[in-house]
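Student: need coordinates for the below:
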Amino acid sequence: MSTTACAVSCIGTRTARPHAAGDPLDMLIDGLYRHNVGYVVIDEWDGSGYQRNAVGTAFFVEENLDQGFGVVHYAVTCRHVIEGVRNNASCSNMFLRVNDGHGNAEDIRSCIGDWIMSENTDVAATRIDFPPEISFWAYPMQGIRGSSVGQLLPGHDVFFIGLFEGLPGIGSVQAIVRSGRVAMPSTSVPIIVDPSSPEDSRWVDAHLVESWCWGGESGSPVFVYEQSYRVRNTVFDTGFPIGHLQRNDLRASEVLPALLGILHGHFQIPVPVKNGGADGGSVDMNSGLAIVIPAPAITATLMNERLVEDRNHILEERRARAVVLPKPDAG
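Tutor: Numbers count the residues shown, from 1 in each chain. Next up is the predicted model:
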């Protein structure tokens, strides 16, 4: 995790101190990124009535159509989140919870049949068409395709935004930001994509990140700061004769960090339990290692035949509306 900011008083000089290896840096995450996420919400029967509960995180991306014809927006989450809803006999409705322009939550109905599931890994996506009053920010797909995450190394800083079940927010989406560091890039791990079939695990490509994650954060977007982004010196003029405060920091929205991928979950490790000296078996504990499904898996899912046909249909409609017909001559 990034260390705290370094503030230095430089009396009588206006020259910024050059960045040195090992300087502490702030990883400052703008509010923009909280507008990139919403919650997957369901109406769930608890024995006495239906309760509306958040069960996972979704985030938003956009795909460009031909030049001049705008973009198409998608919500992305983990396949296991959608499969969990599909197999929940006590669930009656599913929604995407997002904030409007005033910060109040609005639940937009979502149909499970509209979600496209990856056949190979833990990704699901659906096209969204939110009303104008919904305030959200979508990560551009060209940023995914053009990222240099292939140069990812252990130690790179990452951050992710998503639901914290202990504090989901009252009347609004209050996503939290967590950070960590890459522990092992580009490896293979066994995961379960359908909670109803825990015996059906599969090996998938993933990154391992040293960070704590808990229930509800599945589906969170994970961003990575590359080293080239980190060198930054900002001079703060105090307005006083004593000089200036200097610090190295970086605001995420100034550089659009690469989308590393989507948070699947974390490794559980068995810990032995003793009961009065006797062997009491073991309990599973959070290992502190999070599993991130790489961004190219999102790209592959959005290239599903149904979604491609849908984009082509939207493009044809927009092209048709853009045709300017000649006016008839005045009589």
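Student: and Leu289, what helix or strand is that in?
Tutor: The secondary structure element spanning Leu289 is strand 278-294 (assigned by DSSP states H and E).
Student: could you give the mean pLDDT of the next helix-or-strand element following that strand?
Tutor: Using DSSP H and E, the helix or strand that follows strand 278-294 in sequence is helix 295-302. Helix 295-302 shows an average pLDDT of 95 in the prediction.
Student: use 30 as the first number for this chain going forward.
Tutor: Done: numbering now begins at 30, and the last item shifts to helix 324-331.
Student: and helix 324-331, what does it pack onto?
Tutor: Helices and strands touching helix 324-331, as assessed by 3 or more Cβ pairs under 8 Å, 6 or more residues apart in numbering; DSSP states H and E, comprise strand 79-93, strand 100-106, strand 153-157, helix 170-174, strand 287-304. Yep, even glycine has a C-beta here, placed from its N, CA and C like the rest.
Student: closest to Pro325 out of the ones you listed?
Tutor: Using Cβ to Cβ as the measure, helix 170-174 is the one of the helices and strands packed on helix 324-331 that comes nearest Pro325, at 7.5 Å.
Student: tell me who's in contact with Val321.
Tutor: Taking Cβ atoms under 8 Å, 6 or more residues apart in numbering as the criterion, Val321 is in contact with 187, 235-238, 251, 289-293.
Student: same question for Asp95.
Tutor: Under the criterion of Cβ under 8 Å, 6+ apart, the contact partners of Asp95 comprise 344, 348.
Student: what about it, which SS state?
Tutor: Under DSSP: H, G, I helix; E, B strand; the rest coil, the three-state class of Asp95 is coil.
Student: pLDDT weak spots in the stretch 80-229 of the chain?
Tutor: Scanning the stretch 80-229 of the chain for pLDDT under 70 picks out the ranges 172, 174-179.
Student: what about the strands in it?
Tutor: In the stretch 80-229 of the chain, strands defined by DSSP state E, counting those that start in this stretch lie at 100-106, 120-128, 134-138, 145-146, 153-157, 168-169, 186-191, 205-221, listed in chain order.
Student: buried residues in the third one?
Tutor: The reference is to strand 134-138. Residues 134-137 are the ones in strand 134-138 that count as buried (16 or more other Cβ atoms under 10 Å).
Student: give me whichever of the strands of the stretch 80-229 of the chain is most buried.
Tutor: When those are scored by mean count of other Cβ atoms under 10 Å, the highest mean neighbour count falls to strand 186-191 (a mean of 25).
Student: contact partners of that one?
Tutor: Outside strand 186-191, the residues within contact range by Cβ under 8 Å, 6+ apart are 30-31, 56, 58, 62-63, 65-66, 86, 88, 204-211, 238, 240, 242, 245-254, 259, 281, 286, 289, 292, 321.
Student: quick one on the thing from earlier: so which of the helices and strands packed on helix 324-331 comes closest to Ala349?
Tutor: Ranking those by distance to Ala349, with Cβ to Cβ as the measure, places strand 100-106 first at 16.2 Å.
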